[in-house]
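K.L.:
What follows is a predicted structure for the sequence shown.
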Amino acid sequence: MIELDQPELLAPRKKRVTRAAEMLGIDGWLLTTSQAVRTVTGAWSDDVDLFGEWSSPIVAVGNTVLSPGRPPSDARLIDEVIDLLPVQGTIAVDRLGPLALERLALLRPDLAVQDAAMLLGAAKVPRDQIEIAVLVEAHRRTEAVLLSMVDLVVPGVSERDLTSEFTVRAAESGLDRMHLDTVFSVLPKDEAQAPWARGSWVGRSPYRELTTDRVLAEGDHVAFDAGVGYRGYTADVGWTLLASADAPSPAEVALASAWDEVARRVIDAAKPGVSASELRAAALDGWDPSRPPPWPYPLYVAHGVGTELAEPPFAGADFAPEAEAAMVLVEGNVLMIEPYIWEAGVGGYRAEYCVVVGATGTDIVSSLPYGRWPDR
């Protein structure tokens, strides 16, 4: 069954899509990925996601939605939608197989095809206040569920048990999509506990983000990360919890404080007109160059969030410098600021501030006391 997002949430997205299409000279689009279709038309379906968006996608041709559609690799998809496509000009396409592209070229020889990434990227910002309010609500609901889990993070419980319980509580709180596997994962305290740290990982802080049947031991640092959906938007929440009834040691307190110092530098730098490369530079300002960069390889020190779990700007990942410099903040960006600090013999600490970029600076909307260890 096809469902639709609420009109007040869809309207600003459609306005941005129309403006972006005019700016890019795009005359229409043919979209088959669930996320792109929902962003542009507000249409979504649990059935499609259950059975696979590749085999029976929702298809958006302009503002017309078809479901179920043929796979994007099937040339017959073009026959189904050809009358809805312009005869000439340019259309944006998110994915089509070679046979479908050949069929499109045969039936519409004067129609140019462009990757939809530019259209979809340009259509994401600036967010309206109603969208920001939903993003903030999604984040705070997710944080509330995480806070309810703190007392369960104790020696003897498994990572998988924690993840399962979080999923149940998230659903009970009205969070309706788990976009990313929820992770409760013990962080390594020395490099010997990170046998995967080779190749491109060499010289980077050992980091682990994988839920297994591992049972927590006294003093483990347990990283939490979850990508959760709410009303078509997403929340990305992370914190590090201590599997112990004892207070954190001075070295552990210093670890969390060092994380907060890096995070605050990035937050202070996040203003309209600032590039992702400048956010990276802020994270590294005053940082000992002999130490690994303060974020987990190959992830980010900061990234956007919206209808997708990770959106531009991306700071700190393995993008080319010119690509990072081209990603510029605008008012209304919602960002996740997420350094990672690791000390051999002590362990790791990672959390995520959620901030909204305002006209002159940023507002922190997170409700949990990041930069500290959770109280019990």
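P.N.:
Happy to help now that I have it.
K.L.:
Now do the residue lying closest to Glu343 once chain neighbours are set aside, the pLDDT please.
P.N.:
Counting by CB to CB, 6 or more residues apart in numbering, the nearest residue to Glu343 once its immediate chain neighbours are dropped is Leu255, at 5.9 Å. For glycine as for every other residue, the C-beta is placed from the backbone atoms N, C-alpha and C. Per-residue confidence for Leu255 comes out at a pLDDT of 97.
K.L.:
Can I take it that Leu255 is in a helix?
P.N.:
Yes. With the criterion set as DSSP: H, G, I helix; E, B strand; the rest coil, the secondary structure at Leu255 is a helix.
K.L.:
check contacts around it.
P.N.:
Ile341, Glu343, Val346, Gly347, Gly348, Tyr349 (CB atoms under 8 Å, 6 or more residues apart in numbering).
K.L.:
Which member of these is positioned nearest Glu143?
P.N.:
Glu143 lies nearest to Tyr349 out of those, by CB to CB, at 17.1 Å.
K.L.:
Starting from Asp94, give me the distance back to the residue nearest to Glu343.
P.N.:
Spatial separation of Leu255 from Asp94 under the definition CB to CB, to the nearest Å is 42 Å.
K.L.:
cool, and Ile267?
P.N.:
From Ile267 to Asp94 the distance is 33 Å (CB to CB).
K.L.:
Met149 now?
P.N.:
36 Å.
K.L.:
Kindly report the same for Trp44.
P.N.:
15 Å.
K.L.:
For the two, indicate the residue with more neighbours.
P.N.:
Of the pair Trp44 and Asp94, Trp44 is the one with more neighbours under other CB atoms under 10 Å, namely 23 against 20.
K.L.:
For the nearest residue to that one once chain neighbours are set aside, what is the enclosing helix or strand?
P.N.:
Excluding its sequence neighbours, the residue lying closest to Trp44 (CB to CB, 6+ apart) is Arg38, at 4.5 Å. Using DSSP states H and E, Arg38 falls within helix 34-41.
K.L.:
And that helix, how far out from the chain middle?
P.N.:
Mean-position distance between helix 34-41 and its chain equals 16 Å (CA atoms, centre = their mean, to the nearest Å).
K.L.:
buried stuff in it?
P.N.:
Residues Ser34, Gln35, Ala36, Val37, Arg38, Thr39, Val40, Thr41 are the ones in helix 34-41 that count as buried (16 or more other CB atoms under 10 Å).
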